[in-house]
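kindly return the folded structure for what I paste below:
(2 chains)
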Amino acid sequence: MVSLTNLGWLLIAVIALALPVFASGYHLYQFSQVLIYAIALLGLNLLTGFNGQISLGHGAFFAIGGYGTAILITKFGVPYWAAIPISSLVCFGAGFLFGFPALRLGGLYLALATFALAVAAPQILSYKGFDNFTGGSQGLQMPKPHAPFGIPLNVDQWIYVVCLICAAALFLVAINLVNGRVGRALIAIRDHPIAAETMGVNAALYKTTCFGVSALFAGVAGGLSAVAVGFVSPDSFGLVLSLSFLVGIVVGGLASISGMIFGALFIEFVPNYADQLSVYFGEGAKALPGAIYGLLLILIMAVAPSGVAGVIRAAVRRLLDAARS
Amino acid sequence: MEFLHQFASGLALGGIYAIMALALVMIYQATQLVNFAQGEMAMFSTYLAWQMIDSGQPYWLAFIVTVLISFVGGMGIERIVVRPFAKAPILASVIVFIGLSFIFNALAGWLYGYSIQSFDTPFNGRPWFGNVYMSAHESGSVLVTFVVLALVYAFFRFTPLGLALRASAQNPVSARLVGVRVGWMLAMGWGLAAAIGAVAGMMAAPIVYLDPNMMGGILLYAFAGAVLGGIDNPWGAVVGGFVVGVMENIVGAYLVGAEVKLSVALVIIIGVLVVKPSGLFGRRIVARV
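Predicted coordinates for the structure are as follows:
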């Protein structure tokens, strides 16, 4: 018998594959963004949800992926399918290195350091000294990729397919990581670091590597985002981006894999729909996403710390129990 | 000349960072948590003051009423929002603080709009004592910083309430046994932090102008100051705040350029945490296994 979890994944896969048939143009672009966010959230959740290292600065790694890809494409003529993996590896390196000071920083201090990283990132990106590479505050523009080999897909559809392939691959990687020895080690380090070390888990290695892998996920997402938007600029990688990643993993469910899809849907569509409400609220509509984010963060922590994924899981279980009795 | 000018205005900004850092330490000592919403709380208080001044109230009346409202508001936040998470893991608390900062930011944007407002200073006119390096507001804001520090010191050193607060921060169990209402003391710590933060906001607003995102950079520098001085030591944090203010201006002017000044805070925070995590004046943390 197929397990319920697999059935859920099957459903998601069917919807994801059917989307290009029903959605087009801008809507499809939005769903590409959802997949991109889902990858970034997955990375952050590996670090924060599973390993307990709080990062408020994942927007910075997203930015390294995005800028790395954009610089490789525009300045060095590297094709996008090579630029994204290269810049993601750079992200892995950056994350791994950031993981070293992070080792010495307990939860709160790491949150402080990554918060500083998130606030400072846009200023560093628009720094005049790097103008030749980063384009300063103007950012970088690049053409969107077309489907190769004469595949009959338009630009938006092709970008969606690329994002879907990357997301599927990375979700598989994450599921396998988390459900195996590595995942148990990560969770053990989160829940009881000293006990984990006593059991022979190399906490330092796991934590720094986890930081690297997490940054790699963020880097892939950033690279895909640069290609999908066709543009990078310092302002799009500010504190708000980093904090909305945090909102995404909390809404989707800390230490959940499938929940990241809900988290990504949430952070993509809430600001969008709030924007449309400006007809009724005028300028006040700008405050709406922030208000929703803030209230939900506190409410979810108080009522349902396992997020949407946890709520769905509990609901399904209750339904099954009711059906059996 | 130019150097002295940078140094002097660094001192004025440093004073603002110092009182912000003091507010952070106030909450850290009581709960071992860093309040990421401190900046947005101060920003919201500043808007309250702006509204009162705008409707024709005298500056100092608005100032005092704002500080009082912030004090009560801070206590309310602790009792209603923070208290339920007292035993939750650090991650939950950090998420709640981020949620709070989202809410205050949205509330300010909703009520007062996102356009930049100018904010009055009570210290108008010519520079004080023929001080050519500082504007009147900068001198005044340094003065206010020292008045706040003196008041906080006097409160903790000479009043029974201050003693009770210190006791419940240092040893909550014993404090409760001798009849201190520790729960209320925690709320009071939050109230004090909110009130001190409001002063910082009102001193900063004439310099950075008033808008819902005005405190982002200031909070970061205050973090840097608190970490540099030792986040469990109020006087260390104050010294750290001043040092960061001066460093920010000097480094910004002579080394890296003003447009990447925020990275100074990043470098200070990571540098201190890696080299000497307890800060210059903090106690070393020893964990019991």
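
burial of the closest residue to residue B:66 other than its chain neighbours, as a residue count?
Nearest residue to residue B:66 in three dimensions, chain neighbours excluded: residue B:49, at 4.1 Å (C-beta to C-beta, 6 or more residues apart in numbering or on different chains). Just so you know, the C-beta spots here come from the backbone N, C-alpha and C atoms, and that holds for glycine as well. Close neighbours of residue B:49, defined as other C-beta atoms under 10 Å in any protein chain shown, add up to 28.

are we agreed that residue B:49 is in a helix?
Yes - counting by DSSP: H, G, I helix; E, B strand; the rest coil, residue B:49 is found in a helix.

give the contact list for it.
Residues near residue B:49 by C-beta atoms under 8 Å, 6 or more residues apart in numbering or on different chains: B:62-63, B:65-66, B:119, B:198, B:201-202.

again, 10 Å this time
B:57, B:59, B:61-67, B:69-70, B:119-120, B:198-199, B:201-202, B:205, B:210 (C-beta atoms under 10 Å, 6 or more residues apart in numbering or on different chains).

just the buried ones from these?
B:62-63, B:66-67, B:69-70, B:119-120, B:198-199, B:201-202, B:205, B:210 (16 or more other C-beta atoms under 10 Å in any protein chain shown).

out of the residues you listed, which sit inside helices?
B:62-63, B:66-67, B:69-70, B:198-199, B:201-202, B:205 (DSSP state H).

out of these, who's nearest chain A?
residue B:201 (17.6 Å; C-beta to the nearest C-beta).

how many other residues sit next to residue B:122?
So residue B:122, with other C-beta under 10 Å, has 16 neighbours.

the closest residue to it other than its chain neighbours and chain A, how far apart?
In space, residue B:122 comes closest to residue B:59 once its chain neighbours are excluded; the distance is 4.5 Å by C-beta to C-beta, 6+ apart. Distance, residue B:59 to chain A, by C-beta to the nearest C-beta, to the nearest Å: 28 Å.

now the ones in helices among the buried ones among the contacts of residue B:49 as a markdown table including pLDDT?
Formatted as a markdown table, these follow (pLDDT from 0 to 100):
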| residue | pLDDT |
| --- | --- |
| B:62 | 89 |
| B:63 | 90 |
| B:66 | 92 |
| B:67 | 93 |
| B:69 | 94 |
| B:70 | 94 |
| B:198 | 92 |
| B:199 | 92 |
| B:201 | 90 |
| B:202 | 90 |
| B:205 | 87 |
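
any idea which of these is closest to residue A:234?
residue B:205 (25.6 Å; C-beta to C-beta).

could you find the closest non-adjacent residue to that closest one?
Per C-beta to C-beta, 6+ apart, closest to residue B:205 is residue B:119, 3.6 Å.

so how far is residue B:39 from the one you found?
Taking C-beta to C-beta, to the nearest Å as the measure, residue B:119 falls 16 Å from residue B:39.

just residue A:55 next, same as before
19 Å.

ok, residue B:24 next?
10 Å.

what's the overlap in contacts for the two?
With C-beta under 10 Å, 6+ apart as the test, residue B:24 and residue B:39 both reach B:197, B:219, B:222-223.

in contact with the residue nearest to residue B:172 when sequence neighbours are not counted, which residues?
Sequence neighbours aside, residue B:182 is the residue nearest to residue B:172 in space, at 4.9 Å (criterion: C-beta to C-beta, 6+ apart). By C-beta under 10 Å, 6+ apart, the residues touching residue B:182 are B:30, B:164-165, B:167-169, B:171-176.

which ones among those lie within helices?
If you go by DSSP H, the contacts of residue B:182 have B:30, B:164-165, B:167-169, B:172-176 in helices.

ok, so of the residues you listed, who is nearest residue B:266?
Distances from residue B:266 to the ones in helices among the contacts of residue B:182, taken by C-beta to C-beta, are shortest for residue B:30, at 27.3 Å.

what is the burial count for the closest one?
24.

cool, residue A:318 as well?
By other C-beta under 10 Å, the residues close to residue A:318 number 10.

quick check: pLDDT value at it.
pLDDT recorded at residue A:318 is 85.

what residues are up against the residue nearest the centre of chain A?
Centroid check for chain A by C-alpha atoms, centre = their mean gives residue A:40 as the closest residue, at 1.4 Å. For residue A:40, the contacting residues are A:58-59, A:61-62, A:65, A:214, A:217-222, A:224-225, A:241, A:244-245, A:248-249, A:260, A:263-264, A:267, by C-beta under 10 Å, 6+ apart.

residue A:205 too?
Remark: with contacts taken as C-beta under 10 Å, 6+ apart, residue A:205 is in contact with A:99, A:103, A:185.

separation between it and chain B?
Distance of residue A:205 to chain B, given as C-beta to the nearest C-beta: 18 Å.

contact residues of the stretch 201-325 of chain A facing chain B?
A:238-240, A:242-244, A:246-247, A:249-250, A:254, A:281-302, A:305 (C-beta under 10 Å from any C-beta of the partner chain).

point out where the stretch 151-289 of chain B drops to low pLDDT.
B:258, B:284-289 (pLDDT under 70).

farthest pair in the ones in helices among the buried ones among the contacts of residue B:49?
Within these, two members stand farthest from each other by C-beta to C-beta: B:69 and B:205, at 16.1 Å.

closest to chain A among the contacts of residue B:182?
residue B:30 (14.2 Å).

which ones are touching that closest one?
Residue B:30 touches B:78, B:165-166, B:168-170, B:172, B:182, B:185-190, B:192-193, counting by C-beta under 10 Å, 6+ apart.

at 8 Å instead, please
B:165, B:168-169, B:185-186, B:189-190.

by neighbours, which of these wins?
Neighbour-wise, the contacts of residue B:30 (other C-beta under 10 Å) top out at residue B:190, 27 neighbours.

what's the longest helix in chain A?
helix A:203-229.

tell me what the following helix or strand past it is packed against?
Scanning forward in sequence from helix A:203-229 by DSSP states H and E, the next helix or strand is strand A:231-232. If you count contacts as 3 or more C-beta pairs under 8 Å, 6 or more residues apart in numbering or on different chains; DSSP states H and E, strand A:231-232 packs onto helix A:58-76, strand A:140-141.
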